[in-house]
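[1] got a predicted structure plus its sequence, pasted below:
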Amino acid sequence: MNWFSKVKDKLLYKSEEQANSFPLPPYEGREEKMSGNGKVSAKYEKNLDWMKERFSIPQNNDIVLREFTLKNRNRAFLVHIDGMVRSATVNEFILKPLMMAELSEKNLKEAVADTLQINAMKQQKRLFDAEAGILMGDTAVFVEGVNVVYVCETKGFDKRSVGKPENESSIKGAQEAFSESIRTNTTLIRRIVRSPNLVTEMIQIGTINRNPCGVMYLKGLTNPALVEEVKRRIGSLNSDFLYGSGMVEQMIEDGPFRLLPNLLSTERPDGVAHHLCQGRVAVVVEGTPQVLVMPVGISNLIKSPEDGQMRWQYATLTRLTRALAILLSALLPGFFVAIVNFHRGMIPTELLIAIAKSQENVPLPAMVEMLLMEFSFELIREAGIRVPGVIGGTIGIVGGLILGQAAVTANLISPLTIIVIAVTGIASFAITDFSFAFGIRIIRVMLILLAGWFGFFGMGIGLAAITALTCAQENFGVGEFSPKVPKTNFKSFFVYAPPPWKKEYRPDDLNPAHLHNQPKISRRWIVKRGRNHEK
């Protein structure tokens, strides 16, 4: 057989592996409806059959269904998910008391409730409520002759312990960060805000995964209209799978096509507590170590919880540094491209000669240079994040040095372009909010293109358009530049950090119930000392 026949056989005939491949047929099954009306029945078999059908028992090996008999000969069974409960709790405080206690036949419902030695137990009349509890890690107990199900708190699955903040680290202040457990996160917030008015309302999101989501606010302080709007948006979500705060943020935010973030995502409990006491709402979602805070403006995105722990002079200097870092990160590359391409007359002669010498052998235009190095820097940054362990940090340093040196040696990039990109990258790392830094990076690329095509005129048009659009944006009824645009009576500065005794008022753009945060003279020891001196 010649080579032509071999090629023909390969093209016209299926190989043995292809002939034995599995063709995936279309799904032709119908959605099965559950029997019954969803209410707990006093009949033992009816409840048992419903649970077996709902959880696919015995095919589903994760579900534990334990049948047993009470001392008064009534049958009972319990259901829980293996690995999500404490087995010792189920054995010692549910099974053992029920099987050993003498239960009255006349008042069996209350007798069973009194026998269960569980600190958190609910009597539910709907089977779907029992199902929701089982999926959360609780144990459901059904007793023959009782038309309620006892949902007992027995959660015991593994979870990550409280650690230090990784993305919002600080020198002064708290060193605790949120974890993936919603109850751990709400507890961390309550340890700081020890008020009975702190309310946590739980809402389930996702029709399949049923992920718990908590809306936290201070009753009597936070505007009720804001709370209801947040609950309305979260409660109206209709999706099979919603997991984590990032998905929820995109589902409830105003204007999903905006470049700058609408909500604040933080991993620090002290920051969330501060915003709650100002009248904002926090949304805690199971599965991610970040909590959403709303509504916020740009002034909140450049602040850090550490600012409140520092002397006001130091905090002001730090905020000024962050503000300059934002301007450098957004404007410096575009400014350099515009100067080199269109406005060389604005450069001093000595600097112009140095720029001309550095670009003498570079074949690429300044805009292409800047975009190429911008892409290379983003590539190194992304690689450093994705590579695990210590190697990730090494890639950023070594990769940047080697790539920059090689590009300059090969006369592909001028040394000044490397310096501009390095300063821009360092400035972007000083931005506290991760999403805000991403938005600035997109704006930076847009300004580079406008500067390369139209010079300062293009940059001015781009900045004016971005500023106008940002001023017109609102997040849950609060402006992006609020309280400056629109102007309110609240005295706020983007850079100035007032000392603690000067914070008499809360932001009035939130319309809280109480504007006064503290009296005008909050350091009463000064008044007392003055009176003593007068005496």
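    Sure thing, it's come through.

[2] gap between the nearest residue to residue 522 once chain neighbours are set aside and residue 526?
    If you skip the residues right next to it in sequence, residue 522 has residue 501 as its closest partner in space, 5.1 Å away by C-beta to C-beta, 6 or more residues apart in numbering. Where you see a C-beta, it was placed from the backbone N, CA and C, and this is true even at glycine. Distance from residue 501 to residue 526, counting by C-beta to C-beta, to the nearest Å: 9 Å.

[3] higher neighbour count, the two?
    The residue with the greater number of neighbours, taking residue 501 and residue 526 and applying other C-beta atoms under 10 Å, is residue 501; the counts read 14 against 11.

[4] list the contacts for the more buried one?
    With contacts taken as C-beta atoms under 8 Å, 6 or more residues apart in numbering, residue 501 has the following neighbours: 518, 522, 523.

[5] can you pull out the strands in the chain?
    Assigned strands in the chain, in chain order: 63-69, 75-81, 121-124, 139-143, 149-152, 198-205, 211-218, 264-266, 281-285, 291-294, 474-475, 478-479 (criterion: DSSP state E).

[6] give the pairing partners of the second one; include direction for each.
    Spelled out, that is strand 75-81. strand 63-69 (antiparallel), strand 139-143 (antiparallel) (DSSP bridges).

[7] now the last one, how far from the centre of its chain.
    By that I understand strand 139-143. Averaging C-alpha coordinates over strand 139-143 and over its chain gives two centres that are 35 Å apart (C-alpha atoms, centre = their mean, to the nearest Å).

[8] put the alpha carbons of that strand into PDB.
    Once non-C-alpha atoms are left out, strand 139-143 reads as follows in PDB (Å, rounded to 0.1, in the frame of the first residue of the first chain):
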ATOM      1  CA  THR A 139     -29.700  17.500  61.400                       C
ATOM      2  CA  ALA A 140     -33.400  16.900  60.800                       C
ATOM      3  CA  VAL A 141     -35.300  14.600  63.200                       C
ATOM      4  CA  PHE A 142     -38.700  13.100  62.300                       C
ATOM      5  CA  VAL A 143     -40.800  11.300  64.800                       C
END
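
[9] quick one: low-confidence residue ranges for this structure.
    Within the chain, the stretches with pLDDT under 70 are 1-22, 27-37, 389-394, 396, 486-489, 492-493, 527-535.

[10] in the longest helix seen in it, what counts as buried?
    Taking residue count as the measure and DSSP state H as the definition, the longest helix of the chain comes out as helix 312-341. Applying a neighbour-count criterion of 16 or more other C-beta atoms under 10 Å, the buried positions in helix 312-341 are 312, 315-316, 318-319, 322, 325-326, 328-341.

[11] repeat that for stretch 227-234.
    Here stretch 227-234 shows 227, 229, 230, 231, 233, 234 as buried, counting by 16+ other C-beta under 10 Å.

[12] kindly reformat the residues you listed as a markdown table containing distance to residue 170.
    Conversion of these to a markdown table gives the following (distance: C-beta to C-beta, whole Å):
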| residue | distance to residue 170 |
| --- | --- |
| 227 | 30 |
| 229 | 32 |
| 230 | 28 |
| 231 | 32 |
| 233 | 31 |
| 234 | 30 |
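
[13] just the closest of the residues you listed to residue 203, please.
    Nearest to residue 203 among those is residue 234, at 5.3 Å by C-beta to C-beta.

[14] for the residue lying closest to the closest one once chain neighbours are set aside, give its distance to residue 233.
    Computed as C-beta to C-beta, 6+ apart, the closest residue to residue 234 that is not its neighbour in sequence is residue 203, at 5.3 Å. Taking C-beta to C-beta as the criterion, residue 203 is separated from residue 233 by 10 Å.

[15] hang on, the earlier thing: can you check which of the strands of the chain gets nearest to residue 460?
    strand 478-479 (23.1 Å).

[16] which residues does the closest one contact?
    Taking contacts as C-beta under 8 Å, 6+ apart, the residues outside strand 478-479 that touch it are 295, 296, 297, 471, 473, 485, 486, 509, 510.

[17] so who does the closest residue to residue 510 other than its chain neighbours touch?
    Counting by C-beta to C-beta, 6+ apart, residue 510 lies nearest to residue 279, which is 4.3 Å off, once chain neighbours are set aside. Under the criterion of C-beta under 8 Å, 6+ apart, the neighbours of residue 279 are 218, 221, 222, 223, 226, 506, 507, 510, 511, 512, 513.

[18] which among those count as buried?
    Buried residues within these, counting neighbours by 16+ other C-beta under 10 Å: 218, 221, 222, 223, 226, 506, 507, 510, 511, 512.

[19] those into CSV, with extra columns for distance to residue 367?
    Formatted as CSV, the buried ones among the contacts of residue 279 follow (distance: C-beta to C-beta, whole Å):
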residue, distance to residue 367
218, 51
221, 51
222, 48
223, 48
226, 45
506, 46
507, 41
510, 43
511, 46
512, 48
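
[20] list just the nearest of those residues to residue 158.
    The shortest separation between residue 158 and any of the buried ones among the contacts of residue 279 is 32.5 Å, and it belongs to residue 218 (by C-beta to C-beta).

[21] which strand residues bridge the closest one?
    Here residue 218 sits in beta bridges with residue 198, as judged by DSSP bridges.

[22] residues touching it, list them.
    Under the contact definition (C-beta under 8 Å, 6+ apart), the residues listed for residue 218 are 193, 195, 197, 198, 199, 276, 277, 279.

[23] distance of residue 365 from residue 236?
    50 Å.

[24] sorry, slip of the keys, the one I care about is residue 421.
    Distance of residue 421 to residue 236, given as C-beta to C-beta: 44 Å.

[25] repeat for residue 120
    As for residue 120, its distance to residue 236 is 29 Å (criterion: C-beta to C-beta).

[26] domains in the protein, by residue range?
    The chain breaks down into these domains under automatic domain parsing: 44-152, 182-296, 312-479.

[27] which one of those lies nearest to residue 165?
    Of all the domains of the chain, the one in closest proximity to residue 165, counting by C-beta to C-beta, is domain 182-296 (5.1 Å).

[28] ends of that closest one, what's the gap?
    Across domain 182-296, the terminal residues are separated by 22 Å (C-alpha to C-alpha, to the nearest Å).

[29] ok, residue 193 - contacts?
    Listed by C-beta under 8 Å, 6+ apart, the contact partners of residue 193 are 218, 273, 276, 277.

[30] quick one: contacts for residue 519?
    Listed by C-beta under 8 Å, 6+ apart, the contact set of residue 519 reads residue 504.

[31] ok, so what distance separates residue 525 from residue 500?
    Applying C-beta to C-beta, the value for residue 525 to residue 500 is 14 Å.

[32] quick one, which of these two is more surrounded?
    Of the pair residue 525 and residue 500, residue 500 is the one with more neighbours under other C-beta under 10 Å, namely 12 against 7.

[33] if I read this right, the more buried one contacts residue 308, doesn't it?
    Yes. With contact defined as C-beta atoms under 8 Å, residue 500 reaches residue 308; the gap is 7.4 Å.
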